[in-house]
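Asks: Structure for this input, please:
(3 chains)
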Amino acid sequence: MQYTEIALWAALAAPLCIGLLCTILPTARIALGVMCGCVLATALAGFFAIGAVYTSGTVFIASSWLFLDPLSAYHYGVLLLVFCLSSAYAWVYFSQELRAGHLDRRQGRLFAGLWCEACAAMTLVLLSNNLGIMWVGIEATTLVTAFLICIQVSRQSVEAMWKYIIICSVGMAFAFMGTLLIAASAKGLDLASHDALLWTVLRENAQRLDPRLIKAAFIFLLVGYGTKAGLAPMHSWLPDAHTQAPSPVSALFSGFLLSTAMYCIMRYMPVIEAATGNAGWAQRLMIGFGLFSLLIAAVFIASQKNLKRFLAYSSIEHIGIIALGLGIGGLGVFAALFHTLNHAVCKTLAFFAAGRLGQLFGTYDLREIQGALHRSPVWGAGLFLAILALIGVAPFSLFMSEFFILKAAIGKELFLVAALLLIGLGTVFICALGYLLPLCWEGAPREKSEPGRFVTGEAFLVYIPLTALLVLGLWMPEPLQSVLQKAAHIISGAAAATSLAGIRP
Amino acid sequence: MTAYIEILMMLLILFDMALLGVSRLRTCITVSSLQGMLLGVFTVFGHTHGITLRILLIAAATFLLKGFVFPRLLRRSIREANAGNELEPYVGYSMSVIAGLVMLGAALWLGARLPLSSAIGIPLVVPAALTTFFTGLFLIIARKNALTQCLGYIILENGIYVIGVAAVVEIPVLVELGILLDASVAVLVMGVAIYHINREFDHIETDRLDTLKG
Amino acid sequence: MQLSAFTNLAFGMVCAPLLQGIINRTKALIAGRTGQPLLQTYHDIYKNLRKGAVYSTTTSWLFRAGPIVGLATALIALAVVPANGCAAPLAFTGDLLLFAYVLGLGRFFTVLAALDTGSSFEGMGASREVFFSALAEPALLLGLATVARKTGTLSLTELIAVTSVNSPELVLVLAALLIVFLCENARIPFDDPTTHLELTMIHEVMVLDHSGPDFGFIQYGAALKAWVLGSLIIGILLPAFENSWPLSLVSLLGGMFGLAVLVGLIESGMARLRLLRVPQLLVAAGALSVFAFMLVLR
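Replies: Numbers count the residues shown, from 1 in each chain, chains lettered A, B, ... in the order given. Next comes the predicted model:
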């Protein structure tokens, strides 16, 4: 147990310190390299701790203010996966930028430092048992990632950063108010004051919390953390931020930052449910927000001109699907967690491809990027398959998780919800295909421009995620299933219906 | 004591109305600094846990930060960005005051429903805090000038702070986190952000930040 | 109806023009001048009463009726307002509504008389006057409603008898009523009584064409209106002396004197507001009244 604790402290402290170190390194390349090394080391420590949690149970450190239980361990695993992939991609992407002279030394060092600090902040969110510290972590990610957006300063990136800061800060203020109200609702329990904000303590005593305060608190929390997660109607910062940020940052945003905020909401849900007498009040709110996000994203996807903006709206759609799954409950929670993993992997791949293609073509305009497969077979294929996976084409794993959610909705006789889900998914499918086919095939290259220079092994950044998506779509490994079951159990508080027998196509 | 706290809360609401109705940015900043000082005083008396060293430190920090540091930084940003008055906000000033009255009504209604009021003992505290919260939100939404939005954020924080002090001041670190939120966001990030906006755009009218659409 | 009520009425009728004199004297003293004599307004009214009136051929009976109705309504309002604790001659439940709307009736006829002349200056002044009083009316009524709700009575006499400033809501009401006082009596910051430019006038330009006894009535009516609104404010502000009539009279006179000096100070210290800003100030007064009312309601 002691090693696990050391590993957790290391995983938290290493990115924090090395991030500060990165800002004073001599060149951008060295900073990026140190950054990649730091992320790798953190990942090793982190996976060690995750393994320990799944074999021996929840780990507590820092007098129970920090902990790692199956739910947070699962999310932490996804975080580390996304970070490793994105760091490798950042190396590739910024090598090209350095060569083209778009990145100077100050920007490179700043990027590396902020990247590591972002890792530390997100780890803090996932590790915290204290709801106040969890909020601090999310606030820290807001501050750090705001500057990541405008690493390459321009009018649009400054505007995107401003929108992001204002909207997410207001969201964080809402979330803080919600946290205060939760703490106030725990006053009647006569807890020791340093225990009052601990999630584990609140979860045990949830039935005795004041339901009116809890409901008010949850509304504030949902609006607050939902802003950070990209739930409509608080999503307006998302397309701009994703478009203007450099592609590794966009990948990080969609890959895991949004899911971090959804994780916070997941933490609160069992407390709210127990406090309101398991009447499904919180679940109905989640279904409402989820469907709204899905439909809004579907509408906006129909009229996109920018590749990254299109991917951003796709993120909103998928976050809506995750919220919907959480709201449906039972099998839906299992599917939502599975979808978190799938979406993270797939969206990072999509942004990787979009970024590299953007560098090759010099623009992200959908009308300009034509015939990507001719230009770069590897990244073109990567983008093509990633977008196919995103819109839910079998046999990729996103299809499976969306199918489970649909099944859960029908199983609970929420037919209207299922119908709206299908409508949303269908709209996205049609519109996306409309963009996708010209994107990949049409048009011979107008002039024979020089083929892009590739870093050795960057094709693995395409192969690894694609393989993972294919494999997960066809076969659910037993360890992953038990991991998801344990995590879902924490959210829904009862045995989630996770039997997969008879579902396989 | 109850009467004095009621008067403090009424002053808080009056300051909110003033912020909604005044167009001169410098006057708004002065009102917000007065509000900050009021919050410092409220921190000492507005709850039932007695006066401890921690409470005095929090009160002093709030008094200084919100009463002096933030206004000073905002005034400096005004000077650097050459902003002066708000030009034609989305919602006019008289309408803003009327909207403020509606928000006050909503806050009184909500305050009666939330069981926080009975916990605190003074019925006007929660409505005043909620009014301040809504006022801050309104200022962020309905004004175009980036500095006014900053100010709106500080006011939003003031509202949250009042509830924090009145309801949960005994929980360690929580109220301090609120102050930290204020400090970090309002000062570091927004200050730097406004600097960038001004440099890139030569103005800080956020309704003209409209190159990204759709 | 006691003897004291009629004595208060007589005092009001006699002392009302003195207010104007005190205000002017205060302004002059602050400006470093000696200023007009305190009794100048009496001289002006007497002078106008002795003159002959000139009536334009474009006017009708409304023009002649305006000043008379204005004076009559001011006298009725005076009869309704108690003098700080002693009963008013004309007291009944709901007389505070009568008070507000009889003043409105007077204003209505003044505006009609102004429009009757067909001159553009009067029309402009009339439109501004109506605009401002439309905004000031909610402030006045809600302020009175707040005090009425607090004391539980709708009669001005009883209301003022039990009220003194003992709660923060009443401070808000007093602030709102002070702003309404300045607006209704056409003082700075709403209107500059010393301006000689018609385009900048509001109240004076409405009565530009009246002359002789009509103008005398108008001046006297305006003085009575100021006295009436002022005694309302003083009545809410100061505690009432139920059993001692001379004491309440003295406190009323002292209060009115203080109010006049305060108005003089405000007039010396501020300039007139731009017309665009006036609605904002009136909405602020309305907001104060609404705020006080909401506080009293809960």
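Asks: For the residue of the stretch 101-250 of chain A found nearest chain C, which non-adjacent residue is spatially closest?
Replies: Here the stretch 101-250 of chain A gets closest to chain C at one residue, A:Arg212, 18.8 Å apart by Cβ to the nearest Cβ. Any C-beta I mention is one placed from the backbone N, CA and C, and that applies to glycine too. Of all residues not flanking A:Arg212 in the chain, B:Pro115 sits nearest, at 5.8 Å (Cβ to Cβ, 6 or more residues apart in numbering or on different chains).
Asks: Could you check how many residues crowd around residue 204?
Replies: Using chain A here. 13 (other Cβ atoms under 10 Å in any protein chain shown).
Asks: Please refer instead to chain C.
Replies: Using other Cβ under 10 Å, C:Glu204 has 20 neighbouring residues.
Asks: Equivalent analysis for C:Gly32, please.
Replies: C:Gly32, neighbours per other Cβ under 10 Å, totals 7.
Asks: For the residue nearest to A:Arg212, give me phi and psi.
Replies: When read as degrees, to the nearest 10, the backbone of B:Pro115 gives phi -70, psi 0.
Asks: Now for it: which residues touch it?
Replies: Residues near B:Pro115 by Cβ atoms under 8 Å, 6 or more residues apart in numbering or on different chains: A:210, A:212-213.
Asks: For the residues you listed, which single residue is the most surrounded?
Replies: In terms of neighbours by other Cβ under 10 Å, those top out with A:Leu213 at 23 neighbours.
Asks: For B:Glu176, see how far away that residue is.
Replies: Here the distance between A:Leu213 and B:Glu176 works out to 22 Å (Cβ to Cβ, to the nearest Å).
Asks: could you point out which element follows the strand or helix carrying A:Leu388?
Replies: Using DSSP states H and E, A:Leu388 maps to helix A:377-390. Counting by DSSP H and E, the next helix or strand C-terminal to helix A:377-390 is helix A:397-411.
Asks: could you give the angle of whatever helix or strand comes next after that next one to helix A:397-411?
Replies: Toward the C-terminal end, the helix or strand that comes next after helix A:397-411 (DSSP H and E) is helix A:415-440. Here helix A:415-440 runs at an angle of 160 degrees relative to helix A:397-411 (axes from the mean of the first three to the mean of the last three Cα atoms, to 10 degrees).
Asks: Surely the residue of the stretch 101-250 of chain A closest to chain C forms part of a strand?
Replies: No: A:Arg212 sits outside any strand when classified using DSSP: H, G, I helix; E, B strand; the rest coil, being helix.
Asks: Spit out the contact partners of it.
Replies: Counting by Cβ under 8 Å, 6+ apart, A:Arg212 touches B:113-115.
Asks: pLDDT score for it?
Replies: A:Arg212 is assigned a predicted lDDT (pLDDT) of 86.
Asks: One more: A:Ala160?
Replies: Listed pLDDT for A:Ala160 reads 86.
Asks: Looks to me like it is in a helix.
Replies: Yes: counting by three-state DSSP, A:Ala160 falls inside a helix.
Asks: hang on, isn't it packed against A:Gln244?
Replies: Yes: with contacts counted by Cβ atoms under 8 Å, A:Ala160 reaches A:Gln244, the gap being 3.8 Å.
Asks: sorry, back to before: for B:Ile122, see how far away the residue nearest to A:Arg212 is.
Replies: Per Cβ to Cβ, B:Pro115 is found 14 Å from B:Ile122.
Asks: What of A:Phe253?
Replies: For A:Phe253, the distance to B:Ile122 - Cβ to Cβ - is 44 Å.
Asks: just to revisit the earlier point, the residue of the stretch 101-250 of chain A closest to chain C and A:Ile219, how far apart?
Replies: Relative to A:Ile219, A:Arg212 is positioned 11 Å away (Cβ to Cβ).
Asks: Could you pull up the mean pLDDT of stretch A:44-59?
Replies: For stretch A:44-59, the per-residue pLDDT averages 85.
Asks: Kindly report the same for stretch B:80-98.
Replies: pLDDT averaged over stretch B:80-98 gives 78.
Asks: same deal with stretch C:215-228?
Replies: Computed over stretch C:215-228, the mean pLDDT rounds to 93.
Asks: now what about it, what contacts it?
Replies: Residues outside stretch C:215-228 that contact it (Cβ under 8 Å, 6+ apart) are C:12-13, C:15-17, C:19-20, C:41, C:44-49, C:67-68, C:70-71, C:73-75, C:77-78, C:81, C:99, C:103, C:106, C:110, C:181, C:184-186, C:203, C:207, C:210, C:256.
Asks: quick one, phi psi at the residue lying farthest from the centre of chain C?
Replies: Farthest-out residue of chain C from its mean C-alpha position, per Cα atoms, centre = their mean: C:Thr57, at 31.7 Å. Phi and psi for C:Thr57, reported as degrees, to the nearest 10, are phi -70, psi -10.
Asks: Grab the nearest non-local neighbour of C:Asn185.
Replies: C:Ala226 (4.8 Å).
Asks: Listing request: residues of chain B with sub-threshold pLDDT.
Replies: Within chain B, the stretches with pLDDT under 70 are B:82-87, B:117-120, B:186-194, B:196-198, B:200-205, B:207-214.
Asks: Now for the residue in it that chain C sits nearest to: which residues touch it?
Replies: Among the residues of chain B, B:Ser94 lies closest to chain C, at 4.4 Å counting by Cβ to the nearest Cβ. By Cβ under 8 Å, 6+ apart, the contact set of B:Ser94 is B:21, C:279-280, C:283.
Asks: Using the record's assignment, carve chain A into domains.
Replies: If you go by automatic domain parsing, the domain ranges for chain A are A:1-129, A:151-257, A:280-443+A:454-505.
Asks: before we move on, the earlier item: need the contacts of B:Pro115 in a markdown table with distance to A:Gln304, can you?
Replies: Listed next are these as a markdown table, based on distance: Cβ to Cβ, whole Å:
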| residue | distance to A:Gln304 |
| --- | --- |
| A:Asp210 | 45 |
| A:Arg212 | 43 |
| A:Leu213 | 42 |
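Asks: is stretch B:95-113 anywhere near chain A?
Replies: Yes: counting by Cβ under 8 Å from any Cβ of the partner chain, chain A has neighbours in stretch B:95-113: B:Arg113.
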